[in-house]
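Participant: Okay, sequence plus prediction incoming.
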Amino acid sequence: MKKSIVRGVNVEKIRRRKIAQLSRASSILLVLILLLSSLSIPICIAKAENEENIGILVIAHGSSNEDWCAPVRDAVAEVNLPYPVELGFLEFVPNETINNAVEKLDDAGVTKIIAVPLLISSYSSHIQEIEYVLGLRETLPLTSERVIIEGVDVDRSIVAKGDRYVISRVPVETDEIGLEKTMQGIVGEEELVPVETDAEIMLTKATDDHPLVGYILTDRIVELSEDPGNEVVVIVAHGTDDEDDFIAWTNNLDGLAEETRKILKWWMEPSIKVVDVKYAFIHLNETLHPDQTVRAVVEEASIENDAVVVPLMVSEGYFTGRHIPQLLENLTYAYNGKALTPHPNVATWIETRVICALGHERFGVLVIDHGSKGDDRVNVVRELMKDVKLGVPVALAFAEYPPETESIIAGIDKLLRQGVNHIIAVTLFTQPTIDHDEVVEGVYEALETAEQTEILQNAPKHMGIRISVAGPVDDNPLIAKLVLDRAREVSEDEDNEILVICRWGDSTYIQHSELYAQSLADQVKAIADFKDVRFGFMGISSPNIRQTVEAALHDGPVVVVTTNSLGSSYVDNLISEKLDGLSYAFNGAGYYGYPEDLDPHPNIARWIEITTSKHLKGVNGDIQEGSTTELTVEIIPAISMTVPTTSVDFGKVGAGMSSENEVITVVNTGSKSAKVSAMMLEDGDSFYNESLRLNSQNIDDFSAVVPSDTPDFWYEYEVVANLEALDWAGGKYNGTIFFVAESES
Amino acid sequence: VSRRGIIPLLLLFLLIPPASGLGVGASPDKIEFGVVDLNEGAIRELYVINTGDEAERVVFKVEGVNLIVDPEAFDLDAKGGRVVNVSIDSKEVGGYTGSILITARPLEADSGGLGLGAGVRIPVSFQVKDNSYVMVLAVTGFLILVVAVALLWMRRSKV
């Protein structure tokens, strides 16, 4: 009967070992840091980059009617972005001008202003005026148009006064009412003063044909529609009498009408299939476009169907309340005069414009741990997350038993509120199991839930949100180092011991379990001094842990480590049962340590950083603008060939004679073993093809297998080259020989 | 070796960067398009990196198969990388295997004699199939079925 000696975790021994390793490590670390900086190997560089302070300026037209301005202010107040947001009106609101808003942003220390015009069209003289005030243009065209302001016909002109521009509003008929309106600020003059700021200013597009506006219109239609199969929707916009701009207005309205029709048909539940969605303009050249006036379009729509009229106006005021009803006097139509505000999509639209203007995807990282009923695991993961240094918003979530603020949906919500539009979900599962897959599905489901608008639509609110999945932790070299560290905590004679990595088996990916386990064992072996590194499973994969340990004991003392996240007496007892009667040293601390002795290994945080940065690199080519920390990792290509020298000099060689041997070093700098061959290019007279010998072979016959070298990725192979100069040869010969690597497999 | 002796040795080592000459690497190390519809084509990305310590000219050469590599050549700074698109340019049904040869050479003209260059070869395979006949067969079958049903219906009506 075999003697059973189970060496459990000796805490004191581990502590002494740790101290000794720490002092050794600190001296080695200094040298390593110097080496790495000298060799220019970027591994993980953190640098402060974000010197840019963003500020948001929302610009609305303005009105002397407070009821018009209030919903706009409310919409801007709803904007949820990690930047200061200010509202400025183009005209009519003296104490809330664009200039006032920019001053506030300046005071907040912003260096870049994203200006978002909350206007219906990017194609109007108002946009030019805004550009002038923002310093984006030096001059203004002197325009004049007749407009209706709060029911008063007014000539609105841009007038040059010296080097200044003013908006001049003159009533068409001066009477007592006109004078009264003058007192209210409707008529008179307002100077357009360019802002004084050092901040860079970027002006986005207006609402135009943005789908979020289409959803607002859809909501308005739903409120009015009673019999969709017999209804024609008419969207009423302000319009313009400038023919060039009019084309752009009609293009935008074409798009909006089409979007609205599709949203009604495809995104509503149940589907709302109206007969048609048309549009009309209040202000246009009626001579050129008589069929696009509001009355003409509604009349046409009413011939065979019922008309549903929805205004495309930023806020409710004179046009929505009085003017449109006046234009449609004596016609029958459904109408409630509701404008774009108030509606949650207005704030979302502002956020979207800002995010798109900032360019790049706004990445955020959602780290997902399995979770557990107890607090220990939650606390240790929170603790290790403090060590994760990423320059992007990060949220932590637990798949099971999540605290209220740390569920997957709460994490997604947190990231979206920080302007993230590309979520990198990083799972901390230890192997690719069904749990991992379920969590990934959970992330998509949670996003779908978060996407539901609050207005009885199935439409995705966060269109364009992307999710990339990273994980599980599996066989990364960082995890190999973690496993080795855990093994060394209980090892007594590494050179003579066999390390056995004990893994869970699983029922879903049985055929692949061995693959990852073998890979991890190989990674550990490459950096360890253990006599051998093997693996065994506790579950239903092969080989089982007892079989592995029994076999290993024939070759030397055995150290068993687990790869579970959190150490637990349950796992320890399970292994103890399975290995009953065998002698082995054991460490079941896993990634986080035991609940009573939490010890999260720093490599988990490093793995999160590197895994995330790989995704950022792969997706975007660079870490996003606005990040404060840049992580860099050098990814070694699968196949790579490097030649340290770029020429060979055989000296003087007589015709018909052989040269001295020269050594050409070729290096496999890839991550895989390579089959190396040679080929000549630009070989005049085929001199080298006929006379050069590589390892005594002709060029075409030369072939060698050069293994890869992990972790250095530098495996040198020497090729002996010499010339057997041909009898006919003479003079100098130029040529280039290429050493070509190809995957050995 | 005394500590005094190690430190200058270390410093000397630190000050001399390792020579890494000319090099080129690529990922993935092989491209398998799988089965591709004749009318659809397929595209893959290939990541190329200059593993050397000087700028170089990278040139792609397609061998034994009809592929489009875009771009076909460019300069890469030391340690610089770039993604190229590899797409199928084959108009005939069949199985294809070939490779993409990627060579790197110095930007500056060589000084004569035997120059050395580095290269990698990426095997490529794909199979082109024409699935359009399946649709034709399906439509023809459907039409035959419709005609048959119509004929049966007419016969029954006559009876």
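Facilitator: Happy to help now that I have it.
Participant: Just the CA atoms of stretch A:371-378, as CSV, please.
Facilitator: Taking Å, rounded to 0.1, in the frame of the first residue of the first chain, the C-alpha atoms of stretch A:371-378 are listed here in CSV:
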residue,chain,number,x,y,z
GLY,A,371,-19.7,36.1,-9.4
SER,A,372,-20.8,34.2,-6.3
LYS,A,373,-23.2,34.4,-3.4
GLY,A,374,-20.6,35.5,-1.0
ASP,A,375,-18.9,38.9,-0.8
ASP,A,376,-15.3,37.5,-0.9
ARG,A,377,-15.2,37.0,-4.6
VAL,A,378,-16.9,40.2,-5.4
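Participant: What are the buried residues along it?
Facilitator: Using 16 or more other Cβ atoms under 10 Å in any protein chain shown as the test for burial, stretch A:371-378 gives A:371-372, A:376-378. C-betas here are computed from N, CA, C, even on glycine.
Participant: Then stretch A:78-98?
Facilitator: By neighbour count on 16+ other Cβ under 10 Å, the buried set for stretch A:78-98 is A:78-79, A:81, A:83-93, A:96-98.
Participant: Same check on stretch A:571-580?
Facilitator: So stretch A:571-580, judged by 16+ other Cβ under 10 Å, has buried residues A:571-572, A:574-576, A:579.
Participant: Let me know the closest of the residues you listed to chain B.
Facilitator: Minimum distance to chain B across the buried residues of stretch A:571-580 is 37.6 Å, recorded for A:Val571 (Cβ to the nearest Cβ).
Participant: isn't there a helix covering that closest one?
Facilitator: Yes: judged by DSSP: H, G, I helix; E, B strand; the rest coil, A:Val571 forms part of a helix.
Participant: Was I right to think it contacts A:Ser565?
Facilitator: No: using Cβ atoms under 8 Å, A:Val571 is not in contact with A:Ser565, being 10.3 Å away.
Participant: Report the secondary structure state of residue 148.
Facilitator: Because you didn't say which chain, this covers chain A. Here A:Ile148 is recorded as strand under three-state DSSP.
Participant: that's the other chain; I wanted chain B
Facilitator: What three-state DSSP gives for B:Ala148 is helix.
Participant: And for the one 3 residues further on?
Facilitator: Taking three-state DSSP as the rule, one finds B:Leu151 in the helix state.
Participant: May I ask you to name the longest strand in chain B?
Facilitator: Identified as the longest strand of chain B according to DSSP state E is strand B:114-129.
Participant: Just the ones of the buried residues of stretch A:78-98 in strands?
Facilitator: Judged by DSSP E, the subset of those located in strands is A:85-89.
Participant: Out of those residues, which is nearest to chain B?
Facilitator: Of these, the one sitting nearest to chain B (Cβ to the nearest Cβ) turns out to be A:Val85, at 37.2 Å.
Participant: Dig out what that closest one forms beta bridges with.
Facilitator: When bridges are taken as DSSP bridges, the partners of A:Val85 come out as A:Ile56.
Participant: That one contacts A:Ala75, correct?
Facilitator: No: shown here, A:Val85 and A:Ala75 do not form a contact pair, counting by Cβ under 8 Å, at 10.8 Å.
Participant: anything in contact with each of those two?
Facilitator: Residues touching both A:Val85 and A:Ala75 (Cβ atoms under 8 Å, 6 or more residues apart in numbering or on different chains) are A:Ile350.
Participant: Can you give me the neighbour number for A:Val110?
Facilitator: For A:Val110, the count of nearby residues is 24 (other Cβ atoms under 10 Å in any protein chain shown).
Participant: Now for it: which residues touch it?
Facilitator: A:53-55, A:83-84, A:199.
Participant: Using a markdown table, lay out those residues together with pLDDT.
Facilitator: Putting the contacts of A:Val110 into a markdown table (pLDDT from 0 to 100) gives the following:
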| residue | pLDDT |
| --- | --- |
| A:Asn53 | 88 |
| A:Ile54 | 91 |
| A:Gly55 | 95 |
| A:Tyr83 | 89 |
| A:Pro84 | 94 |
| A:Ala199 | 94 |
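Participant: so which of the residues you listed would you say is closest to chain B?
Facilitator: Proximity of the contacts of A:Val110 to chain B (Cβ to the nearest Cβ) peaks at A:Ile54, which lies at 29.5 Å.
Participant: For that closest one, which residues are in contact?
Facilitator: Residues near A:Ile54 by Cβ under 8 Å, 6+ apart: A:83, A:110-114, A:358, A:626.
Participant: Provide a ChimeraX selection command restricted to the buried entries of these.
Facilitator: With 16+ other Cβ under 10 Å as the criterion, this ChimeraX line picks the buried residues out of the contacts of A:Ile54:
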select /A:83,110,112,113,114,358,626
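Participant: Would you mind reformatting the contacts of A:Ile54 (as TSV) and adding columns for secondary structure while you're at it?
Facilitator: TSV is the format used below for the contacts of A:Ile54 (three-state DSSP):
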residue	secondary structure
A:Tyr83	coil
A:Val110	coil
A:Thr111	coil
A:Lys112	strand
A:Ile113	strand
A:Ile114	strand
A:Leu358	helix
A:Gly626	coil
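Participant: ok, which pair from the contacts of A:Ile54 is furthest apart?
Facilitator: A:Ile113 and A:Gly626 (14.6 Å; Cβ to Cβ).
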